[in-house]
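K.L.:
Sharing a sequence plus its predicted fold:
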Amino acid sequence: MSLKSGSFLVLCVVFICAPQQCHAGCAEVDSMTEAVAGESFMLGCISCKRREEVSAETIVDWHFKPDGTDEPYHIFRYEYPLSIILHEDFEGRLEWHGTEGTADVQIGAIFIHNVTYNDTGTYTCTLERTLFLPLGKEHVTIEKIVELTVVPEANRELTAVISEIMMYVLIVVLQLWMIGVLIYCYKKIYAENEAREARKALRETNKLIDPKDTCDGVHLE
């Protein structure tokens, strides 16, 4: 395989693989709001920094206001590397499921295990972020609210079903597209090799049938 053909194949592979590099980064996705009694549920809380190169420290607090009450109470705090359950109703049932290994927290999610109907209500995730800027510190407070409903069994919404179907369709289409690109690359390289071999054979034939060759000392014009 020539350098030109090899380069073309590399470009094809890079072209195929390029979309897979888009997974990096942070995306703010809202939490689910329907939990099933007796199961575990993740309370989502994501707050992305606008500038990744700026270092930060973040403390995450969760408060809960049950249905039918007016005053929320503090149930959980995460201050790297410690997580603390602050209310007896959630003792042994809350688990940190956010950013690990750094104080620069962008995901402040927690798991509730063994969900009960008493867990229905309003959850507030508060992120107290300190940004370390070149000119000094800047303090930012972000709040995310989750209105949680507890049901006896999972109720799949139509939009969720459609989204799942579309995801599988998209996966199949992308796989077929990648196969098509690989076939195209292979045919392109194969055609280039065939053309090069044909040109090489033609040059060899022209050397054997050189019009300037002589026969018995007679020059052929």
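P.N.:
Right, received. Where do you want to start?

K.L.:
contacts, neighbours, all on C-alpha from now
P.N.:
OK.

K.L.:
With Leu176 as the reference, measure out to the closest residue to Thr141 other than its chain neighbours.
P.N.:
Nearest residue to Thr141, sequence neighbours excluded (CA to CA, 6 or more residues apart in numbering): Glu128, at 4.8 Å. For Glu128, the distance to Leu176 (CA to CA, to the nearest Å) stands at 46 Å.

K.L.:
How about Glu53?
P.N.:
Glu53 sits 38 Å away from Leu176, taking CA to CA as the criterion.

K.L.:
try Thr120
P.N.:
45 Å.

K.L.:
what distance separates the lengthiest helix in the chain from the centre of its chain?
P.N.:
In the chain, with assignment by DSSP state H, the single longest helix is helix 158-208. A distance of 27 Å separates the C-alpha centroid of helix 158-208 from that of its chain, computed with CA atoms, centre = their mean, to the nearest Å.

K.L.:
do the same with stretch 66-85
P.N.:
With CA atoms, centre = their mean as the basis, stretch 66-85 stands 29 Å off its chain's centre.

K.L.:
and Thr124, what are its bridge partners?
P.N.:
Using DSSP bridges, the beta-bridge partners of Thr124 come out as His63, Ile145.

K.L.:
Contacts only, for the residue nearest to Thr141.
P.N.:
Contact analysis of Glu128 by CA atoms under 8 Å, 6 or more residues apart in numbering lists Thr58, Ile59, Val60, His139, Val140, Thr141, Ile142.

K.L.:
can you tell me which of the residues you listed are in strands?
P.N.:
Per DSSP state E, strands hold the following members of those: Thr58, Ile59, Val60, His139, Val140, Thr141, Ile142.

K.L.:
What's the ChimeraX syntax to select whichever of these are buried?
P.N.:
The ChimeraX command for the buried members of these (criterion: 16 or more other CA atoms under 10 Å) is given here:
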select :58,59,60
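
K.L.:
Between all of the ones in strands among the contacts of Glu128, which two are separated the most?
P.N.:
Using CA to CA, these span at most 13.5 Å, a distance reached by Val60 and His139.

K.L.:
Would you mind stating the distance between Ile179 and Thr58?
P.N.:
With CA to CA as the criterion, Ile179 and Thr58 are 45 Å apart.

K.L.:
Same check on Pro66?
P.N.:
From Pro66 over to Thr58 the distance is 26 Å, taken as CA to CA.

K.L.:
Kindly report the same for Ser31.
P.N.:
Shown here: Ser31 relative to Thr58, a distance of 20 Å by CA to CA.

K.L.:
Where does the record place the domain boundaries for this protein?
P.N.:
Domains of the chain are assigned by automatic domain parsing as 1-27+156-208, 31-155.
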